[in-house]
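Trainee: Test case, fold it:
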Amino acid sequence: MSTSSMTSADRTETGRRFRTALFVDFDNVYIGLQRLDPTAAEAFATDPAHWLSELESGTDSEGDFTRKFLIRACYLNPSRFANFRPNFTRAGFQVVDCPSLTQQGKSSADINLVLDAVDALAAPTRYEEFVIVSADADFTPLALRCRAADRRVTIMTASPAAAAYRAVADHVITADDLAELVTSTASTLNVEAPRTPPPVSSKGRGRPTDKAERTGNGGGTGAAEIAAPPAPDPGTEPVVGASEAARKAILQRVRTADRPVTLGAVAGAAQKADPTLTGSSWGGAGGFLQWLARNVPEVASSPRPPGYVWDPKRFGEADLPGAVAEADKDPSALQRQVTAVTDTPGLSETNYRVLLTALAADLAAHPFDRAETSRRVRNACQEAGAAVGRSTVNFVISGTLYGGEQLTSKTTAKDLAAAWADNVVGLCRGARMELSAGDVAAIREWVGGGLLS
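Mentor: As a prediction, the model looks like this:
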């Protein structure tokens with residue numbers, strides 16, 4: 001079959017392989033990551049070879065796949081970021097200098113990226129996947145063009161992306177996923193198996209008590225029943241093919257993660273550590289969840305798509321994307337719309353006040369550290385009776401940073417509320433919600449916990 005007639009990824013003995021075209025809007029991503037996590041921003045800019053290698057394999061609903069990056073293009077403003085240019089050149093990228101062309105500082109990155117992507121669509125080589133690394137909703141028409149040409153579209157963002165932009169993608173790597181991706185390493189951390197595995201309930205519940213979490217979609221609308229495969233009997237032997245290397249890889253991946261990890265990522269870690277484990281049989285267990293329940297009972301899991309695995313000592317159901325904290329009363333239609341289109345946590349006004357007040361108190365007492373601050377604030381909220389997960393705390397922290405607030409000892413709860421409310425309103429407008437002045441006031445009153453009255 002000729003290259004031009006291929007309509008799907010190559011099928012090889014080891015699974016699917018995508019011929020991929022990668023386009024990086026450097027300025028957009030770097031600036032976005034700086035607001036979220038300066039360490040991640042530097043890792044993204046200084047070691048592109050690392051995160052590129054992390055993207056070379058993955059798992060989706062159809063199983064495992066690999067990517068072959070035939071096009072690697074990076075678009076940056078040389079007057080601001082020329083010092084990062086050699087890092088991308090060394091990693092095999094074609095770096096396109098896009099200087100500022102307007103008095104407002106707008107560069108030509110967008111138009112250059114789009115032109116090159118359209119050329120790639122028409123090229124003799126059929127690229128099955130287009131990866132657009134940018135949160136700029138201006139690329140929505142490009143993503144639609146790629147979809148219309150029957151190409152897979154993956155979007156990687158470093159800041160909140162408009163719902164319409166996310167909707168046209170086959171896969172979205174969020175800002176926090178990207179931050180984790182660029183900072184993760186093939187760690188040599190030794191993970192010891194606990195002498196006595198902690199109990200896992202039939203629903204995979206675990207009370208979060210410690211460690212770090214990420215900014216995520218915790219608090220979106222729509223609760224779902226969380227269930228995990230039943231834990232094996234104490235005397236049950238691991239299935240044939242169980243690998244200590246795979247066990248350790250999973251424990252390391254889950255215990256060092258700052259949030260519940262998707263099933264695909266955990267399965268990929270296991271198979272990378274032990275290639276003999278196949279997605280079809282999993283050492284005779286019949287499936288990955290069954291294999292996981294029998295061989296790694298220390299973790300909890302949820303089969304709800306896309307599926308999650310977490311350390312029950314640190315996380316629980318409230319930390320899963322889509323989990324909803326209990327509200328004081330039924331949310332209004334406006335609140336339901338906001339949570340649906342922006343992933344804003346569906347907390348009650350009272351619980352938002354508790355969260356923002358606890359965050360301000362923690363900043364006054366301790367220097368800001370994303371992991372430790374979110375842990376202490378989550379604990380403070382729960383001690384105050386507010387059902388708030390780590391995902392939600394981190395979502396709000398990121399929102400205040402995106403809103404322009406510097407988290408220092410002088411930051412007040414009202415300052416946090418104002419920045420967080422500005423971010424939520426901005427997300428709504430980015431999602432093209434039609435908001436009246438009264439709608440804006442109602443949203444600010446709600447997410448600001450009544451602190452802005």
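Trainee: What segments of this protein are strands?
Mentor: 10-12, 15-25, 57-60, 63-76, 94-97, 129-133, 152-156, 171-173, 261-262, 300-302, 308-310 (DSSP state E).
Trainee: Which one, of these, ends up nearest to residue 291?
Mentor: strand 300-302 (11.1 Å; CB to CB). Every residue, glycine included, has its C-beta placed from N, CA and C.
Trainee: will you turn the strands of the chain into TSV that also has distance to residue 453, mean pLDDT and mean neighbour count?
Mentor: Formatted as TSV, the strands of the chain follow (distance: least, CB to CB, whole Å; pLDDT from 0 to 100; neighbours: other CB atoms under 10 Å):
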stretch	distance to residue 453	mean pLDDT	mean neighbour count
strand 10-12	60	58	12
strand 15-25	40	91	22
strand 57-60	46	78	17
strand 63-76	44	91	20
strand 94-97	50	92	17
strand 129-133	41	95	25
strand 152-156	38	93	22
strand 171-173	36	88	17
strand 261-262	40	80	20
strand 300-302	38	83	25
strand 308-310	37	85	27
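Trainee: Distance from the chain centre to stretch 354-369, please.
Mentor: Its chain's C-alpha centre and that of stretch 354-369 lie 24 Å apart, by CA atoms, centre = their mean, to the nearest Å.
Trainee: How many neighbouring residues does residue 341 have?
Mentor: 18 (other CB atoms under 10 Å).
Trainee: what ranges do the helices span in the stretch 201-350 of the chain?
Mentor: 244-255, 263-273, 288-295, 333-342, 349-365 (DSSP state H, counting those that start in this stretch).
Trainee: Quick one: closest of those helices to residue 442.
Mentor: helix 333-342 (5.9 Å).
Trainee: Tell me what angle that closest one forms with helix 349-365.
Mentor: Computed with axes from the mean of the first three to the mean of the last three CA atoms, to 10 degrees, the direction of helix 333-342 lies at 60 degrees from that of helix 349-365.
Trainee: Go through helix 333-342 and flag the buried ones.
Mentor: 334-335, 337-339, 341-342 (16 or more other CB atoms under 10 Å).
Trainee: do the same with stretch 107-121
Mentor: 107-110, 112-114, 116-117, 120-121.
Trainee: And stretch 255-269, by the same measure?
Mentor: Neighbour-count burial for stretch 255-269 [16+ other CB under 10 Å]: 255, 257-269.
Trainee: I'd like those written out as JSON lines, with distance to residue 367 added.
Mentor: Formatted as JSON lines, the buried residues of stretch 255-269 follow (distance: CB to CB, whole Å):
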{"residue": "255", "distance to residue 367": "25"}
{"residue": "257", "distance to residue 367": "24"}
{"residue": "258", "distance to residue 367": "18"}
{"residue": "259", "distance to residue 367": "22"}
{"residue": "260", "distance to residue 367": "27"}
{"residue": "261", "distance to residue 367": "28"}
{"residue": "262", "distance to residue 367": "32"}
{"residue": "263", "distance to residue 367": "36"}
{"residue": "264", "distance to residue 367": "36"}
{"residue": "265", "distance to residue 367": "31"}
{"residue": "266", "distance to residue 367": "33"}
{"residue": "267", "distance to residue 367": "38"}
{"residue": "268", "distance to residue 367": "36"}
{"residue": "269", "distance to residue 367": "33"}
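Trainee: which of the residues you listed are the two that sit furthest away from each other?
Mentor: 258 and 267 (19.5 Å).
Trainee: Dead centre of this protein: give me the residue that sits there.
Mentor: residue 177 (3.0 Å; CA atoms, centre = their mean).
Trainee: how close does it sit to residue 32?
Mentor: 13 Å (CB to CB, to the nearest Å).
Trainee: repeat for residue 149
Mentor: Counting by CB to CB - residue 149 and residue 32 are separated by 28 Å.
Trainee: How about residue 310?
Mentor: Applying CB to CB to residue 310 and residue 32 gives a distance of 26 Å.
Trainee: Low-confidence regions, this protein specifically.
Mentor: For the chain, the stretches flagged by pLDDT under 70 are 1-14, 101-106, 184-242, 258, 278-281, 283, 285-286, 304-306, 317-331, 432.
Trainee: More neighbours: residue 149 and residue 32, which one.
Mentor: Remark: of residue 149 and residue 32, residue 32 carries more neighbours, 26 against 14, as counted by other CB under 10 Å.
Trainee: tell me the domain ranges of the protein?
Mentor: Domain segmentation of the chain under automatic domain parsing yields 3-183, 188-324, 333-447.
Trainee: For the strands of the chain, give me TSV that also has distance to residue 362.
Mentor: TSV is the format used below for these (distance: least, CB to CB, whole Å):
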stretch	distance to residue 362
strand 10-12	51
strand 15-25	35
strand 57-60	36
strand 63-76	37
strand 94-97	42
strand 129-133	33
strand 152-156	31
strand 171-173	30
strand 261-262	26
strand 300-302	27
strand 308-310	24
